[in-house]
Each structure stands twice: as C-alpha cells, then as structure tokens.
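> Sharing a model prediction with you, sequence too.
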Amino acid sequence: ALRQISRRTISTASRRQIENRVAEKQKLFQEDNGIPVHLKGGVMDVLLYKITMGIAVLGTGYALYELTVASLPKKQK
C-alpha cells in the first residue's frame with residue numbers, strides 16, 4: 001500500500017493538462033509597438049515599474065537628505 005501511494009505522489013504525469021501559451025507570449029513581447037519590453041506584460045508590469053521607481057526616487061532623496069544632515073556641523077549651545 002505504501003509503495004502505491006509513493007508512486008502516485010512522485011509520479012511526473014500531470015492530471016491536468018496546462019495549455020501551452022509560449023507562442024502567444026512570444027508574439028506579444030516581440031511585437032514592435034514602441035512599448036519597452038519590461039512594460040509589455042500589461043497593467044501589473046506598469047504598476048510594479050512605477051512602484052519600483054517611486055521607491056528608488058524616495059530612497060535616493062532620503063539618502064541625499066541624510067548625507068546633507070551628516071555633513072553639516074551641529075550647533076554648539
């Protein structure tokens with residue numbers, strides 16, 4: 001019984017066939033429509049790109065602010 005269960009769980013045969021959509025993705029990404037390849041995936045790609053750019057800009061601004069604060073001498077009372 002244990003041997004049968006182990007064969008079923010380790011089996012490489014898939015029960016559900018997944019549709020191969022590689023050809024349509026290749027067609028989408030190779031289309032020359034003026035959109036950069038990192039934005040061709042749709043709304044989610046654009047959203048991730050904008051969030052990443054926002055974090056990068058805010059992080060750069062914060063780093064510059066901290067460098068400015070660190071480079072100025074503190075006032076003596």
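Cool, the structure landed. What you see is a predicted model; the values in this text were computed from it and never measured. Numbering: from 1, shown residues only.
> quick one, phi psi at residue 63?
Here is the backbone geometry of residue 63 (degrees, to the nearest 10): phi -60, psi -40.
> number of nearby residues for it?
Neighbourhood size, residue 63 [other C-beta atoms under 10 Å]: 10. Where C-beta positions appear, they are placed from N, C-alpha and C, glycine not excepted.
> The one 5 residues further on now?
Under the neighbour criterion other C-beta under 10 Å, residue 68 is assigned a count of 9.
> Which strand or helix spans it?
In this assignment (DSSP states H and E), residue 68 forms part of helix 43-71.
> How about residue 24?
Applying DSSP H and E, one finds residue 24 within helix 22-30.
> Next: residue 35.
Using DSSP H and E, residue 35 falls within no helix or strand.
> From residue 39, how far out is residue 59?
In this view, residue 59 and residue 39 are 22 Å apart by C-beta to C-beta, to the nearest Å.
> Next, name the residue at the spatial heart of the protein.
With distances taken as C-alpha atoms, centre = their mean, residue 48 lies nearest the centre of the chain, 6.6 Å away.
> now that residue: how far from residue 35?
Shown here: residue 48 relative to residue 35, a distance of 15 Å by C-beta to C-beta.
> From the opening residue of stretch 32-43 to its closing one, how far?
End-to-end distance of stretch 32-43 (C-alpha to C-alpha, to the nearest Å): 18 Å.
> And for that stretch, what's in contact with it?
Residues from elsewhere that reach stretch 32-43, judged by C-beta atoms under 8 Å, 6 or more residues apart in numbering: 28-29, 31, 45-46, 49.
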